[in-house]
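> A structural model of the following input is requested.
(2 chains)
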Amino acid sequence: MNKHYRVIIFLLIGITLVFLLRLFQLQVIVKKYKDKAIENAVRRITEHPARGLIYDRNDSLMVYNDAAYDLMIVPNETRGFDTTELCYILNISKEDLKKRIEKAQNYSRMKPSMVAQQISKSNYGYLQEKMFQFPGFFVQNRTLRHYPKPISAHILGYVGEVDQKVLEADDYYQLGDYIGISGIEKAYEQELRGTKGKRVVLVDVHNREMGSYKDGEEDQIAIQGLSLWSTLDMRLQEYGEKLMENKRGSIVAIEPTTGEILCIVSTPSYDPNLLVGSARSKNYAALLLDSVRVPLFNRALQASYPPGSTFKLANGLIALQEEVITTKTVYSCGGGYNMGSHTVKCHPHLGSPDLIYAIQTSCNAYFCRTFFNTLNNRKKYKTIQEAYQAWKDHINALGFGIKFDSDLPYELKGIIPSVAYFDKLHRKSWNPNSVISMGIGQGEAAVTPLQMANFIAIIANRGFYYKPHVIKAIGSKDVINDRFTEKIDCGFDKRHFDAIIEGMEQVMLAGTGRSVQIPGIKMLGKTGTAQNPHGKDHSVFVCAAPKEEPKIVVFCLVENGGFGATVAAPIASLITEFYLNGEVKRLDLEKRILEMKFL
Amino acid sequence: MIKKVSLGGSNEFDIQLILYYIAIVFIGWLTIFSTSYNPAAADFFSMNNAYTRQMVFIGTSILIAIFILLLKGQYYSFLSYPSYLCCLLLMIAVFFIGTEISGAQAWIKIGSFSIQPTEFCKIGTALALAKFFSEGKTIQEKKNRWITAFGIILTPVFIIILQRDTGSALVFFSFILLFYRIGLTGWILVVGGIAAGLFLFTLFFNEIYALALVTAIFVLFWILHRNNRKKVIRNAIVYAVTVVFIAVSYMGYSNMLQQHQKMRIDTLLGKVDDPQGADYNLNQSKIAIGSGGLFGKGYMQGTQTKLNFVPEQHTDFIFCGIGEEWGFLGSLTICLLFIGLVLRILRLSERQRDPFVKYYGYGIAGIIFFHFFINIGMTIGLLPIIGIPLPFISYGGSSLWAFTIMLFVFIKMDYR
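Here you go, the predicted structure:
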């Protein structure tokens, strides 16, 4: 055989062997190319479920969804594209686009994140045609919240993009995802958000979808979030917000037998539709900066007020339970409660009241003395500290100074000072007179409107309550929200409520509530005037009706409204009438209220 | 009968070569179908489909093959120079009537088909070279003809470079294999290798280092041999040639190669790393082949090729489709088929008594192997990306016709 022939054969076979070794290395030994091919061609598209709907207690829709389109980016898959064109379509500046892309890159180069949200439907059509020019981008279908009526903004809350903290804490969320930020949207995020689905598709080099991957066996359908049935009565809520127009304050109405909140108003408020979609951040900033109206502030849960005269009901009840007084106990009122150096003045009323008459007339002297005796009960408690602690335990049992931990995010617990607080304030030497103003609902104590309303529910129930809440059923109207079915007993003998209720009825018949008594319905009520060191007093009223089996308790507070009977009482009464009768007949009263302005 | 025996060759057409041909062409069509089939426009008989057109090319190729087998073998020896000249004229004609396709002015459009004369010129050159060498009476006489033979090669190369089709020009250097077989010293392979190495070295480091290195070697030589005048002169000549080569390499790199070709070489050399840019072709090609694994993803299941991530996936990068869908076993099969085909041609060539047929065999074996070498080498990242087709497999009429003619002329001449 020719030598050169042999050399050539060896050379050619040698080269082929080198190729085969290289191919073996590429195809069999190195594994990364498999992943890279999948990364190239397989796109996991998250299917966002629609959030659950929210109905009111009568099946009226409070919150629903509307379609929107977001532009997403996977930074690693972008190649050179026409930024001018994209900016033109999105109507943003080049710098803005650059910033958005950088933000997405900082989040993740592999995972999709949002570049532009809520593209209009016409722009969406145009963009869809041009998508092939923008590899690494895709359009995602989303839904946005909408509210048929511009009411109950505070309690419904709003959704917005997840922040960095949530992203780090919870794998479920990706940059640009929506999450409930306040109200029901936050409290029921888990139920409302639904289950994300995914579509696994093949895309070609131009980023066009070319069918499903593995015949769709990895696809998962997005499951819409559960619908919620609220305890709120939309009509009542709307009426309440109407009555509170041009007033600062709140209304809380509860069905005492269940703890269901029928309406919860805080004014000034805002249209919940303002905090939806791309306009959200701009509108939110405007609402946040409105320091005069403070519309984002939910007074019903977050404002602490001096409880005012309504607190006398609690103190009377505690004194009965502690056997400091009986319903027959009479204290004389010489125009006030004299502590030597100082007198707590009283309103003019007849002679020496018993408990019922003291409630009817809101006698300061009677309740100061009662409170004094409660804290000075040396038969039962050795020190004032022990006596005060016993009183505080009762007060806490009545729902003051604690959080209900209900389904209302961001509730405050108000202020019921501890023993330690007074020990520190008075260097351990204090006596009932040091704290006597709390006996008539002034001084250090502060409560929220929700707590006051719940307290009236306890009276209406004669000693127990269900946590006040806003969601009664989840998923289906007959699936009862089981978080709030526990009956909470306050530890008072049922009989002690008789005198309290009797007193409250007298308020409506012969006392400060006379003018707002609803014809034909037996009502319980109590006015209050919460002293306000910063200006005109706050007008407070609580009521429950009908007397025998109360179906509704209402708390109303109008800041700077003056006496309880002036504004708060008519509003609470109208709310009660509207709820019980389905309509309001006292149109002149309604008109007068609507014309009142305290802003 | 006696004459036939004395000339060597077989008395039937070599069935092995024909089987290799059929197998490779068949695999080629299957792969073109797989990479270009579009279910959204699945009209099989539409001439817009690459696979339908290739079917036509295959049909015409078979007709051409039969025609060649029917012609008298002696014609080819007689026609070698004329066909070479014809090809040269055609290529020159391209400058006047040609069209430009992907950067190369190398096509003549006839109706909806385009003919690339370069492909056919490989046959003409192989014939002419074989003829030219076979005219030398003695081995020594043949050896002495190499300078003119280089001329035969360089003429088409020069024209092709002017057409900016560097890849095809490179192919003509595969005739070195023939030169070597004729008896030119093994240095021709070594010099070829060193030239390629120096070429890369010049690109990789830069011409100054290359010059410095070469100068240093020759200065050392000169010091060692300064008393031997003859050697000094010879070294000086070699040195001068080397310097000129480096200069040409550098100029060729910076002027002759187009920007995209430079980028490809830079990418392979690691001068630039940009997986989404110039590196893109190579990257996607490696992903396609690498993701095939041992057994492949299955026919028509290749995502890289079907979804167009690999560029030119039915022409220059068609090997990706095979690697991706048939895995290492597919790659192995293709490599074995090609080396089998080339070795078979060489073996039959060795058997020939007629030096013309023998040299022609070596010429076309070199061309086919060189195509295989460059094409697969680039798809697996061992060689820079140079756009030349994989014989019998890549989509394209000119290429398939040319390789069919090339091979069947040999089969015919082998049969005497």
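
> where exactly do the strands run in the stretch 401-550 of chain A?
A:464-466, A:471-474, A:487-489, A:524-530, A:538-545 (DSSP state E, counting those that start in this stretch).

> ok, now chain B?
Applying DSSP state E to chain B gives strands spanning B:99-101, B:104-110, B:113-115.

> among those strands, which is nearest A:D66?
Nearest to A:D66 among these is strand B:99-101; the distance by CB to CB comes to 51.9 Å. C-beta: built from backbone N, CA, C; applies to glycine.

> adjacent strands (with direction) for the closest one?
strand B:104-110 (antiparallel) (DSSP bridges).

> ok, the residue in chain B positioned nearest to chain A - how many residues close by?
Closest to chain A within chain B is B:G290: 2.6 Å, counting by CB to the nearest CB. B:G290 has 28 neighbours, counted by other CB atoms under 10 Å in any protein chain shown.

> excluding its backbone neighbours, what's nearest it?
A:Y33 (2.6 Å; CB to CB, 6 or more residues apart in numbering or on different chains).

> show me which strand runs longest in chain A.
Longest strand in chain A, counting by DSSP E: strand A:61-73.

> tell me the mean pLDDT over that one?
Taken as a whole, strand A:61-73 has a mean pLDDT of 88.

> tell me the centre residue of chain B?
In chain B, the C-alpha nearest the mean C-alpha coordinate belongs to B:H371, at 3.4 Å (CA atoms, centre = their mean).

> thought that residue was touching B:P391?
Yes. Using CB atoms under 8 Å, B:H371 is in contact with B:P391, at 4.9 Å.

> related to what we said a few turns ago, which elements pack onto the longest strand of chain A?
Judged by 3 or more CB pairs under 8 Å, 6 or more residues apart in numbering or on different chains; DSSP states H and E, the packing partners of strand A:61-73 are strand A:54-55, strand A:113-119, helix A:121-130, strand A:137-146.

> re earlier: for the residue of chain B closest to chain A, which residues are in contact?
The contact partners of B:G290, by CB atoms under 8 Å, 6 or more residues apart in numbering or on different chains, come to A:26-27, A:30, A:32-34, A:36-37, B:323.

> can you check A:L71 too?
A:L71 makes contact with A:90, A:114-117, A:119, A:127, A:137-140, according to CB under 8 Å, 6+ apart.

> and for A:G160?
A:178-179, A:181, A:275, A:280 are the contacts of A:G160 under CB under 8 Å, 6+ apart.

> which SS class is it?
strand (DSSP: H, G, I helix; E, B strand; the rest coil).

> in whichever strand or helix holds A:L287, what counts as buried?
A:L287 belongs to helix A:280-289 when assigned by DSSP states H and E. Within helix A:280-289, the residues scored as buried using 16 or more other CB atoms under 10 Å in any protein chain shown are A:280, A:283-284, A:287.

> go on, stretch A:170-179?
Applying 16+ other CB under 10 Å to stretch A:170-179 flags A:173-179 as buried.

> excluding chain neighbours, what is closest to the closest residue to chain B within the stretch 451-599 of chain A?
Closest contact between the stretch 451-599 of chain A and chain B, by CB to the nearest CB, is at A:G475 (40.8 Å). Setting aside the residues directly before and after it, A:G475 is nearest to A:L226 in space (CB to CB, 6+ apart), at 4.2 Å.

> sec struct for that neighbour, please.
Applying three-state DSSP: A:L226 is coil.

> for it, grab the count of nearby residues.
19.

> that one: what's it in contact with?
Contacts of A:L226 (CB under 8 Å, 6+ apart): A:52, A:191-192, A:194, A:474-475.

> check the residues you listed and tell me the two furthest apart.
A:G194 and A:I474 (12.7 Å).

> could you check how far stretch A:218-232 is from the centre of its chain?
20 Å (CA atoms, centre = their mean, to the nearest Å).

> pLDDT of it, averaged?
Here the average pLDDT along stretch A:218-232 is 93.
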